[in-house]
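> Requesting a structural model of the entry that follows:
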Amino acid sequence: MKPLVAMREALADPNLLGGAIPGDSWLPWRTLLIAAMGEALTDEERAIFTAFTERDVEPLERVEELWGIVGRRGGKTRAAGTLAAYVGGLCDHGGYLAPGERGVIPILAASVSQAGRAFQHTRGILENSPVMAALIDGDPTADTIRLTTRVDIEVKPANFRTVRSITAVAAIADEVAFWSLEGAANPDSEILAALRPALATTGGPLMVISSPYAKRGELYGAFKRDFGQDGDPLVLVAKGPSKVFNSTLPDRIIARAYERDPVAAAAEYGSEFRSDVSAFINRDTVERCVAQGVAERLFMARTKYSAFVDPSGGSNDAMTLAIAHAEGDQVVLDVMRERKPPFSPEAVVIEFCEVLKAYGITEVTGDRYAGEWPREQFRKNGVAYNLADQTRSDLYQAMLPALNSGKVTLLDSKTLINQIANLERRVARGGRESIDHPPHGHDDLANSVAGVIALCAKPVRSAAVINRVSFGAR
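Next comes the predicted model:
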């Protein structure tokens with residue numbers, strides 16, 4: 001990567017990027033982008049730089065990574081779009097690309113729609129620059145801008161598979177604290193680990209932007225490791241509240257957020273990692289309970305099975321089923337089913353009832369989800385049930401000692417392991433504690449498994465109660 005124009009010059013020239021992040025309110029972001037490109041700062045800029053990074057002086061060489069831990073509405077996405085436009089349009093990558101090869105600037109986020117917002121910022125910056133608009137090769141599509149500089153700016157979902165085969169000249173990782181990927185043990189770390197080699201040959205920068213969340217993951221790791229004077233000189237970590245990065249943000253919005261929920265607002269606008277959210281269980285503990293290579297167990301005669309079902313309407317959440325049995329004080333998971341939306345709830349009920357009957361289960365215990373509908377549907381298929389008496393959070397609380405003591409044998413499922421390991425313990429105002437999935441995450445399968453563990457661990461009250469199915473309380 002060879003800059004053809006200095007970042008400072010580009011940001012000052014109205015024919016280049018002068019209209020991208022102009023004015024006093026954007027001075028913090030201009031300062032960080034100039035410093036990240038290895039350029040010298042003025043005394044005024046250096047004071048701003050030190051306030052956000054706790055480093056006395058700027059790097060004076062182009063950094064490999066720029067992390068912006070900034071509250072919501074702090075201008076992160078537009079600043080990232082400015083960097084993408086600069087690297088894509090005002091830097092020469094010819095010496096790093098093979099004949100006929102095109103470099104890529106992937107914009108990654110938890111969802112394509114979220115990544116699309118940074119993409120639209122980049123497109124707007126390019127199209128509103130008299131010089132850079134001429135670099136756009138053809139009409140941009142919904143997810144790709146082709147530039148005459150042999151660079152494509154692309155929207156990509158945050159998935160380690162989508163970045164492994166590209167040659168990246170820069171990369172944008174948006175709201176990384178909230179990335180979630182089914183089937184990955186550590187989605188943020190896996191994706192960034194796959195992305196960094198794509199940048200290795202070009203020397204392009206990785207820009208990671210996010211408001212903070214829990215004290216875990218790559219964002220918190222970068223903050224603990226590289227924020228401040230003792231951090232890696234080529235990994236620049238900046239942290240600051242929304243209002244400081246965006247002085248135009250109305251005070252009343254922030255004040256109202258603090259009135260409603262001070263802890264959440266401190267993360268959303270104050271850029272503080274949340275102290276009320278912690279991991280529910282260690283991943284290693286969950287993995288020690290897994291029967292490696294066992295995806296399902298066959299029906300065994302003279303075995304008392306229990307089952308737990310977490311129903312869904314078929315549009316948003318998955319519908320899941322778990323069947324297990326007790327062997328002494330050990331709970332052994334036998335069967336899991338997960339049907340992801342969209343699906344027909346009636347068809348899934350029929351399917352699940354067939355599985356239940358194959359294991360001799362004819363009685364169902366369920367919550368009040370959708371009123372009478374689940375009861376009616378299961379009753380029509382020969383399965384009766386009663387209402388559950390525990391909430392989802394209560395079921396997770398009850399599952400924890402069983403997992404910690406190794407008294408549960410789980411099936412080998414990455415989805416299940418991830419859902420249990422990603423559960424969060426939260427403390428609300430007043431001290432009330434709850435356990436739930438993280439934002440944008442899922443726990444439907446974990447809920448069914450927690451429910452069936454509770455059923456198997458219950459003492460049998462009468463000889464008539466042998467097999468049970470329960471719906472997860474939400």
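> which residues touch stretch 99-106?
With C-beta atoms under 8 Å, 6 or more residues apart in numbering as the test, stretch 99-106 has contacts from 84, 87-88, 93, 96-97, 146, 150-156, 162-163, 166-172, 195, 198, 202, 204. C-beta: built from backbone N, CA, C; applies to glycine.
> So which of these sit within strands?
Residues of the contacts of stretch 99-106 located in strands (DSSP state E): 146, 151-156, 171-172.
> In the longest helix seen in the chain, which residues are buried?
Criterion DSSP state H: the longest helix present in the chain is helix 112-127. By neighbour count on 16 or more other C-beta atoms under 10 Å, the buried set for helix 112-127 is 112, 114-123, 125-126.
> Report all helices and strands that that helix contacts.
Helix 112-127 sits against helix 76-89, strand 103-109, strand 144-147, strand 151-157, strand 171-174, with contacts defined as 3 or more C-beta pairs under 8 Å, 6 or more residues apart in numbering; DSSP states H and E.
> Could the C-alpha coordinates of it be exported in CSV?
The C-alpha coordinates for helix 112-127 follow below in CSV (Å, rounded to 0.1, in the frame of the first residue of the first chain):
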residue,chain,number,x,y,z
VAL,A,112,-25.4,-7.6,5.8
SER,A,113,-27.8,-4.8,6.4
GLN,A,114,-25.6,-3.4,9.1
ALA,A,115,-22.5,-3.6,6.9
GLY,A,116,-24.5,-2.0,4.2
ARG,A,117,-24.7,1.3,6.2
ALA,A,118,-20.9,1.6,6.3
PHE,A,119,-20.9,0.7,2.6
GLN,A,120,-23.5,3.5,1.8
HIS,A,121,-21.3,6.0,3.7
THR,A,122,-18.3,5.0,1.6
ARG,A,123,-20.4,5.2,-1.6
GLY,A,124,-21.7,8.7,-0.7
ILE,A,125,-18.2,9.9,0.2
LEU,A,126,-16.9,8.8,-3.2
GLU,A,127,-19.8,10.1,-5.2
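> so how far is Val208 from the most centrally placed residue in the chain?
By C-alpha atoms, centre = their mean, the chain has its centre lying nearest to Trp179, at 1.5 Å. Noted for Trp179: a distance of 11 Å to Val208, by C-beta to C-beta, to the nearest Å.
> next one: Gly293
According to C-beta to C-beta, Gly293 and Val208 sit 36 Å apart.
> More neighbours: which of those two?
Ranked by neighbour count (other C-beta atoms under 10 Å), Gly293 and Val208 place Val208 first, with 27 against 7.
> hmm, back to that, pick out whichever of the ones in strands among the contacts of stretch 99-106 sits closest to Ile21.
For Ile21, the nearest member of those is Ile172. The distance, counting by C-beta to C-beta, is 14.9 Å.
> how much space is there between the nearest residue to Pro374 once chain neighbours are set aside and Trp373?
Nearest residue to Pro374, sequence neighbours excluded (C-beta to C-beta, 6 or more residues apart in numbering): Pro311, at 5.0 Å. Separation of Pro311 from Trp373 (C-beta to C-beta): 9 Å.
> and if you look at Phe280?
When distance is defined by C-beta to C-beta, Phe280 is 31 Å away from Trp373.
> Number of residues surrounding the residue lying closest to Leu147 once chain neighbours are set aside?
Setting aside the residues directly before and after it, Leu147 is nearest to Leu135 in space (C-beta to C-beta, 6+ apart), at 4.9 Å. Neighbours of Leu135 under the rule other C-beta under 10 Å: 18.
> Gly81 now?
Using other C-beta under 10 Å as the criterion, Gly81 is surrounded by 25 other residues.
> That one reaches His121, doesn't it?
Yes - with contact defined as C-beta atoms under 8 Å, Gly81 reaches His121; the gap is 3.3 Å.
> one step back: wait, what's in contact with the residue nearest to Leu147?
Shown in contact with Leu135 (C-beta under 8 Å, 6+ apart): 89, 126, 147-149.
> Then Leu219?
Counting by C-beta under 8 Å, 6+ apart, Leu219 touches 67, 69, 176-177, 188, 208, 210, 212-213.
> Please flag which of these sit within helices.
Short answer: these in helices (DSSP H) are Asp188.
> hey, which helix or strand in this structure has the poorest pLDDT?
Every helix and strand of the chain was ranked by mean pLDDT, DSSP states H and E. The lowest is strand 468-471, at a mean of 48.
> who's in contact with Gln397?
Contacts here follow C-beta under 8 Å, 6+ apart; on that basis Gln397 touches Ile435.
> How many residues are close by Ser111?
A count of nearby residues for Ser111, using other C-beta under 10 Å, gives 15.
> Spell out which residues sit in contact with the nearest residue to it once chain neighbours are set aside, please.
Leaving aside its chain neighbours, Ser111 sits nearest to Pro157 (6.9 Å; criterion: C-beta to C-beta, 6+ apart). Pro157 is in contact with 108-109, 111-112, 115, counting by C-beta under 8 Å, 6+ apart.
> and if you look at Val452?
Val452 makes contact with 306-308, 322-324, 331, 333, 470, according to C-beta under 8 Å, 6+ apart.
> what does Gly228 give?
Residues near Gly228 by C-beta under 8 Å, 6+ apart: 53-55, 237.
> Doesn't Arg46 lie inside a helix?
Yes - under DSSP: H, G, I helix; E, B strand; the rest coil, Arg46 sits within a helix.
> right, and it touches Val57 too?
Yes - with contact defined as C-beta under 8 Å, Arg46 and Val57 form a contacting pair (6.9 Å).
> Between those two, tell me which one has more neighbours.
Legend: neighbour count by other C-beta under 10 Å for Arg46 and Val57, higher for Arg46 (17 against 13).
> Tell me who's in contact with the more buried one.
For Arg46, the contacting residues are 57-58, by C-beta under 8 Å, 6+ apart.
> what's the distance between it and Pro59?
The gap separating Arg46 from Pro59 is 12 Å, by C-beta to C-beta.
> Which residue ranges of the stretch 151-300 of the chain form helices?
187-200, 217-226, 242-245, 251-260, 262-268, 283-288 (DSSP state H, counting those that start in this stretch).
> Dump the ones you listed into a markdown table; add mean pLDDT and distance to Leu356 as well.
Shown next, in a markdown table, are the helices of the stretch 151-300 of the chain (pLDDT from 0 to 100; distance: least, C-beta to C-beta, whole Å):
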| stretch | mean pLDDT | distance to Leu356 |
| --- | --- | --- |
| helix 187-200 | 90 | 33 |
| helix 217-226 | 95 | 38 |
| helix 242-245 | 95 | 51 |
| helix 251-260 | 93 | 44 |
| helix 262-268 | 90 | 41 |
| helix 283-288 | 92 | 26 |
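> Quick check: which of the ones you listed is buried the most?
Sort the helices of the stretch 151-300 of the chain by mean neighbour count, taking mean count of other C-beta atoms under 10 Å, and helix 242-245 sits at the top with a mean of 21.
> Which residues are in contact with the nearest residue to Ala318 once chain neighbours are set aside?
Nearest in space to Ala318, with sequence neighbours left out and distances taken as C-beta to C-beta, 6+ apart, is Asp444 at 4.2 Å. Taking C-beta under 8 Å, 6+ apart, we find Asp444 in contact with 310, 312, 317-320, 338, 419, 472.
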